[in-house]
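> Provide a 3D model corresponding to the input given below.
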Amino acid sequence: MAFQDWRPFVYGGGASVFAEFFTFPIDLTKTRLQIQGQHIDVKLTKLKYRGMLHAMYRISADDGFRSLYSGVAPALLRQATYGTIKIGIYYSLKQMLIKEPEDETLALSLICGVFAGVISSSVANPTDVLKVRMQAANKDFQHKGMIGSFVNIYKQEGVKGLWRVRSLYQMSLFHSLLLASVYLLSFISEVSI
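Next comes the predicted model:
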């Protein structure tokens, strides 16, 4: 049984959580830059930031350094589930399907990557929804904590609200498959060099 080796799951999840924690201020800043200037909320219509560094400076100056980590709890939970499942399933599938290293093909790696990416993305999507809402400085979510915010989304929007996507482009299966494939193939090529 290929799933007896727990190391890809633990190492994949641990590395994902570690990377998320240290790059989170960049992700938060990117999200704030993306939502500024939108007309869906009056407070977002004004352009506050001139670029990445200016946004980081303004966010920490206006709201304190800790605000750069607003939404980090669901982000870490997402990476703990997403990274653990994705890397664990990918390597476990490869162990099941490939008995000898010379039997590995690009197509087989692609199939394993797509399957692992679709499963992990599907499971982790609710944490991504919450992370983005907390990053956007949505007061409905910042003061309730992670569990309270999940409950709030469920009460207001139902189960569908937990699997909400930010755009039609992200909703497409092709996009999910392409992202998972490219990410895992680039990872494979770096590891095998």
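
> CA atoms for contacts and neighbours, from now on please.
OK.

> can you get me a residue count around Asp103?
Using other CA atoms under 10 Å, Asp103 has 9 neighbouring residues.

> what about it, distance to Ile85?
Using CA to CA, to the nearest Å, Asp103 is found at 24 Å from Ile85.

> swap in Val123?
9 Å.

> which SSE is Ile85 in?
helix 72-97 (DSSP states H and E).

> by mean pLDDT, flag the weakest helix or strand of this structure.
helix 168-171 (a mean of 43; mean pLDDT, DSSP states H and E).

> list the buried ones in the next helix or strand after the helix holding Ile85?
Per DSSP H and E, the first helix or strand lying C-terminal to helix 72-97 is helix 106-135. Residues of helix 106-135 classed as buried by neighbour count (16 or more other CA atoms under 10 Å): 109-118, 120-121, 124-135.

> and Arg78, what does it touch?
With contacts defined as CA atoms under 8 Å, 6 or more residues apart in numbering, the neighbours of Arg78 are Ala124, Asn125, Thr127, Asp128.

> check what pLDDT it gets.
Note for Arg78: predicted pLDDT of 87.

> gap between it and Glu20?
For Arg78, the distance to Glu20 - CA to CA - is 9 Å.

> show me the shaky parts of this structure.
The chain contains residues with pLDDT under 70 at 1-3, 38-45, 137-143, 165-193.

> show me which of the contacts of Arg78 is closest to His54.
Asp128 (24.9 Å; CA to CA).

> correct me, but that closest one touches Ala75?
Yes - with contact defined as CA atoms under 8 Å, Asp128 counts as touching Ala75 (6.7 Å).

> can I get the contacts of Arg78 in TSV with distance to Leu93?
Below are the contacts of Arg78 laid out as TSV (distance: CA to CA, whole Å):
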residue	distance to Leu93
Ala124	20
Asn125	22
Thr127	25
Asp128	25
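
> farthest pair within these?
Farthest pair in those, by CA to CA: Ala124 and Asp128, 6.7 Å.

> host element of Asn152?
helix 145-157.

> and the angle for that helix with helix 72-97?
On the basis of axes from the mean of the first three to the mean of the last three CA atoms, to 10 degrees, helix 145-157 is oriented at 90 degrees to helix 72-97.

> check which residues of helix 145-157 are buried.
Here helix 145-157 shows Met146, Ser149, Phe150, Asn152, Ile153 as buried, counting by 16+ other CA under 10 Å.

> tell me how far that helix lies from the chain's centre.
Helix 145-157 sits 19 Å away from the centroid of its parent chain (CA atoms, centre = their mean, to the nearest Å).

> CA-only coordinates of it in PDB, if you can.
Taking Å, rounded to 0.1, in the frame of the first residue of the first chain, the C-alpha atoms of helix 145-157 are listed here in PDB:
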ATOM      1  CA  GLY A 145     -11.700  34.600  14.700                       C
ATOM      2  CA  MET A 146     -11.400  31.800  12.200                       C
ATOM      3  CA  ILE A 147     -14.100  29.500  13.500                       C
ATOM      4  CA  GLY A 148     -16.600  32.300  14.100                       C
ATOM      5  CA  SER A 149     -15.900  33.600  10.600                       C
ATOM      6  CA  PHE A 150     -16.500  30.100   9.100                       C
ATOM      7  CA  VAL A 151     -19.800  30.000  10.900                       C
ATOM      8  CA  ASN A 152     -20.700  33.500   9.800                       C
ATOM      9  CA  ILE A 153     -20.100  32.600   6.100                       C
ATOM     10  CA  TYR A 154     -22.200  29.400   6.500                       C
ATOM     11  CA  LYS A 155     -25.100  31.300   8.200                       C
ATOM     12  CA  GLN A 156     -25.100  34.100   5.600                       C
ATOM     13  CA  GLU A 157     -24.300  32.100   2.400                       C
END
